[in-house]
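> Here is the input, now give the coordinates:
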Amino acid sequence: MNLAMSLVLRLALILEKLGVCHKYIIWRQLMNGIPPGRAPDLTIKEMLFEAVPVRVYWPRTAGVEPTRGLVWIHGGVGFFGSLRAYERFCRFIAWESTTVVVCIRFPLAPEHPYPAQQLSCYAAVSHFLKNAGDYGVDPQRVVLAGDSSGAGIIAAISQQLVMRTDLPRARGHVLLYPFLQALDFNLPSYQRNHSVPILFKKRVIRLGMLYLTGRNVNVDEIMGNAHVPQELRAKYRKWISAELIPEEFKVSPHEPFVPGPFSEDLYQVCKRAFESTFSLLLMEDVILRRFPETFLLTCEYDIFRDDGLLYKNRLEDNGVPVTWRHLKDGFHGICLLTGLGPLEFPSTRKSMKSIIQFLERF
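Next up is the predicted model:
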């Protein structure tokens, strides 16, 4: 798998140098995969929510009474992901749980710099919460869901949504292997899984910082946490620290990481990474305790595993009910294999079943 991905990336770079197209276009097309067939059990429509394109899935088994709704925000480090890439996933959720599913097609970087992605999702989600009844959805039964960086967007926009009094509150969150912080790239899961597909640590940090800053930065220094001032490390150690990770999740023997020398220049370029709308684990308790009941999925073979574990701690410390599922044989992106037959892992079905069970409680 590593070899195949490396060949794809090299091919994309060659085509970019030849002037055929930008490398990101190639990567996006490959991630789209094979389009699924017809969906006779669903009504699917393309719509606009406040000028933001969305795809809405209505299960034809739904009754005349308003039903449950779910808004899906996909991952992809802000650069990748599409409606087609998540088509099978959204169809599965809609049909298996009799839920109206809305998948947002937000603009991607680098064509649309950060935070265009969050702004578009906030507009679309606000529209749906306000007008849920127009789409056959009970406004008190709307769940916000996302994977990877999309899960981070859910947490980011929810900091604004929970403070609004003119909108119904989201009933729940579903966060799958979320990216939640850029303060410490050397938590145990980052150390253990640095070369595990599909998220190679160095590549993800490079893309993540390019997404945030619009610039290529010194990734090697960031991997050593050289972008973080000592005072920030000390301030947020109560929330982000290897010491907070349960021992069973640490490679034995676990050696504490020693950060590299601090770089003021790197900090100035990357300092937006420490805003609570990008590093969600840095949001204050007064906001977090207003969040709804949350389903959280973590995977053992994923650099973001510890982000999820730390978020679980913070939610529980603030009295937010958490349904946590950890896949000991899981890896980042495993739910994207839904509906792909022989490519579907046993853990894929297991995780999807857990999501459905969580949704059916509302």
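
> Identify the residue spatially nearest to residue 72, adjacent ones excluded.
Among residues not flanking residue 72 along the chain, residue 103 sits closest, at 4.6 Å (CB to CB, 6 or more residues apart in numbering). To be clear about C-beta, it is placed using only N, CA and C from the backbone, and glycine gets the same treatment.

> quick check, that neighbour in a strand?
Yes. When DSSP: H, G, I helix; E, B strand; the rest coil is applied, residue 103 is found to be in a strand.

> Quick test: name the residue nearest the centre of the chain.
With distances taken as CA atoms, centre = their mean, residue 148 lies nearest the centre of the chain, 2.5 Å away.

> How much space separates that one from residue 60?
Distance, residue 148 to residue 60, by CB to CB, to the nearest Å: 30 Å.

> Residue 358 now?
In terms of CB to CB, residue 358 sits 23 Å off from residue 60.

> ok, those two, which is more surrounded?
The residue with more neighbours, out of residue 358 and residue 60, is residue 358; 21 against 12, by other CB atoms under 10 Å.

> which sections of the stretch 201-350 of the chain are below the confidence cut-off?
For the stretch 201-350 of the chain, the stretches with pLDDT under 70 are 252-255.

> can you map out the helices along it?
201-213, 219-223, 230-236, 264-270, 285-288, 305-317, 346-359 (DSSP state H, counting those that start in this stretch).

> so which of the ones you listed comes closest to residue 110?
helix 201-213 (7.2 Å; CB to CB).

> Tell me how many other residues surround residue 361.
11.

> again, but for residue 216
Per other CB under 10 Å, the neighbour tally for residue 216 reads 9.

> Report the separation between it and residue 279.
The gap separating residue 216 from residue 279 is 21 Å, by CB to CB.

> can you check residue 207 too?
Taken as CB to CB, the span from residue 207 to residue 279 is 16 Å.

> Compare those two and say which one has the larger neighbour count.
More neighbours surround residue 279 than the other of residue 207 and residue 279, with 23 against 20 (other CB under 10 Å).

> got the contact list for the more buried one?
By CB atoms under 8 Å, 6 or more residues apart in numbering, the residues touching residue 279 are 180-183, 273.

> got the contact list for residue 323?
Residue 323 neighbours (CB under 8 Å, 6+ apart): 293-296, 354, 358.

> Could you export the residues you listed as TSV, including distance to residue 305?
TSV is the format used below for the contacts of residue 323 (distance: CB to CB, whole Å):
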residue	distance to residue 305
293	22
294	16
295	16
296	11
354	17
358	20
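
> Just flag the most distant two among these.
Those two in the contacts of residue 323 that are separated most widely, counting by CB to CB, are 293 and 354, at 14.2 Å.

> Great, nothing more from me.
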